[in-house]
Each structure stands twice: as structure tokens, then as C-alpha cells.
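> Here is my input, please return the structure:
(one chain, ligands or ions: 1)
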Amino acid sequence: MSAYMNEDFQEKMKLRLNFNNMMEAFVGEKGIQEEEIAAIAAEIEDAEKAMVAKRANGGMDWRDLPYNQDQVVEDILEYAAWAKEEFDAFVVLGIGGSALGPIALQQALNHPYYNELSKEKRGGWPKFYVADNVDPERLVYLFQTIDPARTLFNVTSKSGGTSETMSQFMIIKSMLEEQLGKEEAAKHIVCTTDAEKGNLRPICDQEGYKSFVIPAGVGGRFSELTPVGLLPAAMTGIDIKELLAGAAFMDEQCKEEDTYRNIGHMYGILSYLAMKQGKNIQVMMPYADSLKYMADWFAQLWAESLGKKYNNDGQEVFAGQTPVKALGVTDQHSQVQLYAEGPFDKMIVFLGVDQYREEIVIPKIYGEIPSLGFLGGASHSQLIQTEQMATEYALLKAGKMNMTLTVPQVNAFTMGELLYLFEVATAFAGELLQINAFDQPGVEGGKNATYAMFGRPGYEDVKKELDSRPEADARFII
Ligand SMILES: O=P(O)(O)OC[C@H]1O[C@](O)(CO)[C@@H](O)[C@@H]1O
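Residues are numbered from 1 along each chain as shown. This is a model prediction of the structure:
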């Protein structure tokens, strides 16, 4: 039996949310009163019912992912075992929900200098790259770094129509076919997309590319636990079964009926009450380099899910809370001044780690210089944890809402828990806000204008509208 199946291990790996510093009793008048939580009991109950109903009627298929992917996992592991022998580099072509999760997991679970390690030290797995932009320099520099003949490209797009990803695919397909011939080129492309919808599926079928499916009911930013995240993770040796086991463990915790014991719901409730008080910003501040990109992944989830103009009744609400990414302790020296003394417009979430995977001790030198000597003999984990606690305390003294989410250790199990926790918290906050957390109509405007300017058929009216927009006023250009 794998260690992560053991109940003792699971109990030890339980995430903890300490929200004392969100409460008025601790942080003072700008905090949340227990009575405020009690006062929204009916809203909480409605949100809980809505979560259950949506799950039952297929409105939240991402909640089934920890349980219904045994065959998918086997297929991925079999394919990854083959690809490991064939390729020296693995490149994800994707953007947003099709890129941020793979980056976050890679950063969390593999060596920070993974690509610089020898193949042997990488466990034989290929180097890992993500191309999630259409800055022309990006692909050119990538091509200068990898050998396409030894590279596997994973084209990932839920919609199969995202211009950025599809343009990268078109460039790479042509390049591979030119260099390797059509038949060999096809082995270098693996697609992750919807089973039926979009351009990518028929292309895969026609070209004979290997492909994996993103289930129809799982949206892009909720897709990290589908092959979107599982294939890249498996391709760098991450234990994807352990990851899904962690998500399942968190799912159990998020079914807890007592609201004060339900970590996912409570995260959503506290954020919702903070928003009601005008805390329009949520700062996600991991105290671990390995979790830095988790904050990036969270930012898309929180922003795209909750940033909505209309509520479920079609009324204008302009909901949402701006996610800000910060890294402890690095950003203590750039952002914390603002968090401590600036406006009361934000809540800060510290993401801490109990046990770092490595340790380093500061030598006992310069004892004669008191302002340096006190460090001697201490370790960096002591220093980072103390600084985190000190910053929490400083913000508490400043009356600034903050809470601390602690990960006992960074491993595949706890990362499964963390991803799933943030998804539940986001969905729950969406229910409380009475908005649709699963669509993103606001990104269509920019996409449509791009299509129109590129002369895409069907966008002639948008082009006309764009062409008739007012000329820029020279007075306002310096
Ligand atoms: O996976 P796709 O369909 O290419 O979409 C990429 C990203 O683009 C968005 O649709 C926003 O434009 C995100 O929601 C999504 O994660």
C-alpha cells in the first residue's frame, strides 16, 4: 500500500486554516464579527444546498475528478512511460487554465532547477517547458534551447479555439513536418482537449495525434486534475495517483456539515464577508518558493470565477475580489509596507509550510557583531517561519485582516488537497455572491476584437464597430 493511503499519513498531511486574525476579536474593529457569520446562516445554507444540487446534476463535474479517472490515469502512465524513452524535452502549449496548473505543480513538486539537472538526476524524465504567451521572442528562444527532433509538444486547449495556443500549434506542426516528415512529426504532438467540441479534436483525429480528453463539464480553470495537469505532471515523474488521493481527502473535508469545521466553505465565507466590507483585494502570499506559482494559478481561478458584472438574476453587481500575488519573505521587502499602513482594502492569505524539504543552518560567525551574531546557529526554515509569524503579527497590530493556510509538507498529496480546496472555496464564494463562477463572458470582448482585426469570417460587424471608434485625442498622448 502506498504511504499516502495510510490514515496516519493523511491525518498528518491535513491542511490547516487559522482565521483568528480575520476576526474582530483579534484584529479589531475592521475584522469580522462572529455574529456576521451567524447573520448569513440562511445564505450559507442556500449556498451549501446549491453546491450539493449542482454536484448532483452535473454542474460541477470537477468534483468527481478525484474518483472517476482510474482508466485515464493508467492511459497517462502508459503513454508517459513510452514518451520518457523517446524525448528529452516536454513542452506544454497552452494558456490560462491550460498552463498555470502545470507550471504550479512542476514548481511545487520538482527541483527548482529541474531543467538544469542531468537526465539521471531528473529520474530520466524530459526537461519541462511551458509556452503560454505569443511574445515572438518566446518560441524563437525556445527553439534555440530544445531539439525539436527530441521534443514532445502537448497542445492543451479546452475550447480548441484559443488563438494563442492554436497559433503556436500551427507554427510547431509546420516546423516539425518540415524537419521530420509528416509521419514522424505526428509522434511529437499530443493533444489535450474536449472529446467532441472545438477545432483541435478533428485535427487530432485527422492527423493521428495521440490525445487525452478534458471532460465536457470541466471548465479550463477547474481542469488541473484532468489530463491538462495530470499528463505534464506524469511527464516529470510526479505521482499523479497521490495527487488525486489528496484531492479526494480534501473533498471529504469539504463535505463536513459543521460550517466551522468545513475548510473550503469557511474560506469562501470569510472571503465573501471581507468583500462585503470592501476588502476588494485578496493577497495570496506563500512562504515557500515552491508555492509561488500556486498563487498564479489561484489568481486566475479567483479572478475569472468571481469577477462578474451580473448576478444570477441578471442584476448588475460588479462582483469580485482582485487577487494579488506576493512571495514571503521576498515581498516583505517590497509590499508589506503597503499591507501594514495602506488602505483597509485587502485581506492577506499567508500560505505557510510546517516542514520544508531541505534545511540549511547559518554558521556561528560574527558573534562580536550583535546585529549579525544573533543569526548564528539558526536555520533558514526557522528564519522564514519566524518572519512569517512576525508579519502576521505586524498586520494584526495594524488591524489588517489576514489568515494563514498551512501545508504540513509540500508533496503530491498536499498539492492535491490545496488545488481542490481553492476550487471549493471559489465555488462556494460564487454561490454566496450569487454569480456564475463557471463562465467568463468578460474575456470575449477582447477576443472578438482580435478576431475582427485579423479579418476572421463572421466578425465583420465587430470590425465595423472597431473601425468607427473615436480617433485618439492627441492632447492625451505624451
Ligand atoms: O483551454 P482553452 O480553451 O484554450 O482556454 C484557455 C483559457 O482562456 C480562457 O477561456 C480565457 O480566455 C480561460 O478561461 C482559459 O483557461
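
> what's the domain layout of this protein?
With automatic domain parsing as the criterion, the domains of the chain are listed as 3-39+259-433, 64-238.

> what helix or strand does the residue sitting furthest away from the middle of the chain sit in?
In terms of distance from the mean C-alpha position of the chain, E368 ranks first, at 46.4 Å (C-alpha atoms, centre = their mean). Using DSSP states H and E, no element contains E368; it sits outside every helix and strand.

> How confident was the prediction at it?
Predicted confidence (pLDDT) at E368: the value is 96.

> Within range of the ligand, give me the residues from the stretch 151-300 of the chain.
Residues of the stretch 151-300 of the chain lying close to the ligand by C-beta under 6 Å from any ligand atom are S157, K158, S159, T162, T165, G220, R221. Placement of C-beta: from N, CA and C, glycine included.

> From the ligand, how far out is Y339?
Between Y339 and the ligand the distance, using C-beta to the nearest ligand atom, to the nearest Å, works out to 29 Å.

> Distance of the closest residue to the ligand within the stretch 201-350 of the chain relative to G264?
Nearest to the ligand, among the residues of the stretch 201-350 of the chain, is G220, at 3.0 Å (C-beta to the nearest ligand atom). Between G220 and G264 the distance is 20 Å, computed by C-beta to C-beta, to the nearest Å.

> and what of T162?
For T162, the distance to G264 equals 29 Å [C-beta to C-beta].

> show me what contacts D251?
Taking C-beta atoms under 8 Å, 6 or more residues apart in numbering, we find D251 in contact with R63, P66, Y420, V424.

> Just confirm the residue of the stretch 201-350 of the chain closest to the ligand contacts A99, I think it does.
No - between G220 and A99 no contact is recorded; they are 9.8 Å apart, counting by C-beta atoms under 8 Å.

> follow-up on the earlier one: mark which of the contacts of D251 are part of helices, please.
Among the contacts of D251, the members found in helices (DSSP state H) are Y420, V424.

> can you list the contacts of D251 in a markdown table and add neighbour count and pLDDT?
Compiled in a markdown table, those are given as follows (neighbours: other C-beta atoms under 10 Å; pLDDT from 0 to 100):
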| residue | neighbour count | pLDDT |
| --- | --- | --- |
| R63 | 23 | 97 |
| P66 | 20 | 98 |
| Y420 | 28 | 98 |
| V424 | 25 | 98 |
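
> Just flag the most distant two among the contacts of D251.
P66 and V424 (11.7 Å; C-beta to C-beta).

> What's the local residue count around the residue in the stretch 351-478 of the chain that the ligand sits nearest to?
Ranked by C-beta to the nearest ligand atom, the top residue of the stretch 351-478 of the chain for proximity to the ligand is V443, at 3.9 Å. Each residue near V443 was counted by other C-beta atoms under 10 Å, and the total is 12.

> so it, which of the three states?
When states are read from DSSP: H, G, I helix; E, B strand; the rest coil, the local structure at V443 comes out as helix.

> Leaving out the residues flanking it, which one is nearest to it?
Using C-beta to C-beta, 6 or more residues apart in numbering and skipping residues adjacent in sequence, the residue nearest V443 is E304, 7.4 Å away.

> so who does that neighbour touch?
Each residue near E304 by C-beta under 8 Å, 6+ apart is listed here: G96, R221, Q440, V443.

> and V213, that one's in a strand?
Yes - in this structure, V213 lies within a strand as judged by three-state DSSP.

> Return the per-residue confidence for it.
Listed pLDDT for V213 reads 98.

> What's the separation between it and G101?
In terms of C-beta to C-beta, V213 sits 16 Å off from G101.

> which one of the domains of the chain lies closest to P470?
Put simply, out of the domains of the chain the one that sits nearest P470 is domain 3-39+259-433, at 23.3 Å, with distance taken as C-beta to C-beta.

> measure A38 to the ligand for me?
Distance from A38 to the ligand, by C-beta to the nearest ligand atom: 36 Å.

> That residue sits in which helix or strand?
Secondary structure from DSSP H and E places A38 in helix 34-39.

> In that helix, which residues are buried?
Residues of helix 34-39 classed as buried under the neighbour-count rule (16 or more other C-beta atoms under 10 Å) are I37.

> again with stretch 39-53
For stretch 39-53, a neighbour-count test (16+ other C-beta under 10 Å) marks I40, I44, A47, E48, A50, M51 as buried.

> List the contacts of the spatially most central residue of the chain.
Central residue check for the chain by C-alpha atoms, centre = their mean: the C-alpha nearest the mean position is that of W297, 2.1 Å away. Residues touching W297, when contacts are defined by C-beta under 8 Å, 6+ apart, comprise L100, G101, I103, A104, E224, L419, F422.

> ok, those vs T145, which is closest?
Ranking the contacts of W297 by separation from T145, with C-beta to C-beta as the measure, puts I103 on top at 16.8 Å.

> which parts of the stretch 301-450 of the chain sit against the ligand?
Counting by C-beta under 6 Å from any ligand atom, the residues of the stretch 301-450 of the chain lying close to the ligand are E304, Q440, V443.

> The first one: which element?
Under DSSP H and E, the secondary-structure element containing E304 is helix 292-306.

> pLDDT averaged over the helix holding A38 - what is it?
The model assigns helix 34-39 a mean pLDDT of 97.

> Touching the helix or strand following that helix from outside, list them.
Following helix 34-39 in sequence order, the next helix or strand is helix 41-56 (DSSP H and E). Under the criterion C-beta under 8 Å, 6+ apart, residues I37, G59, M60, R63, T259, H265, G268, I269, A427, F428, E431, L432 lie in contact with helix 41-56.

> List only those of those flagged as buried.
The neighbour-count test (16+ other C-beta under 10 Å) marks I37, M60, R63, H265, G268, I269, A427, F428, E431, L432 as buried among those.

> Now tabulate those in TSV and tack on secondary structure.
What follows is the buried ones among the contacts of helix 41-56, written out as TSV (three-state DSSP):
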residue	secondary structure
I37	helix
M60	coil
R63	helix
H265	helix
G268	helix
I269	helix
A427	helix
F428	helix
E431	helix
L432	helix
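
> Comparing V213 and G101, which shows the higher neighbour count?
In terms of neighbours (other C-beta under 10 Å), G101 is the more surrounded of V213 and G101; the figures are 32 against 17.

> Surely that one touches L419?
Yes - counting by C-beta under 8 Å, G101 touches L419, with 7.3 Å between them.

> Between these two, which contacts overlap?
Shared contacts of G101 and L419, defined by C-beta under 8 Å, 6+ apart, are found at E224, W297.

> ok, the residue nearest to K292 when sequence neighbours are not counted - contacts?
Once its chain neighbours are removed from consideration, K292 has its nearest residue in L327; the separation is 5.2 Å (C-beta to C-beta, 6+ apart). Taking C-beta under 8 Å, 6+ apart as the definition of contact, the neighbours of L327 are M285, P286, D289, K292, A295.
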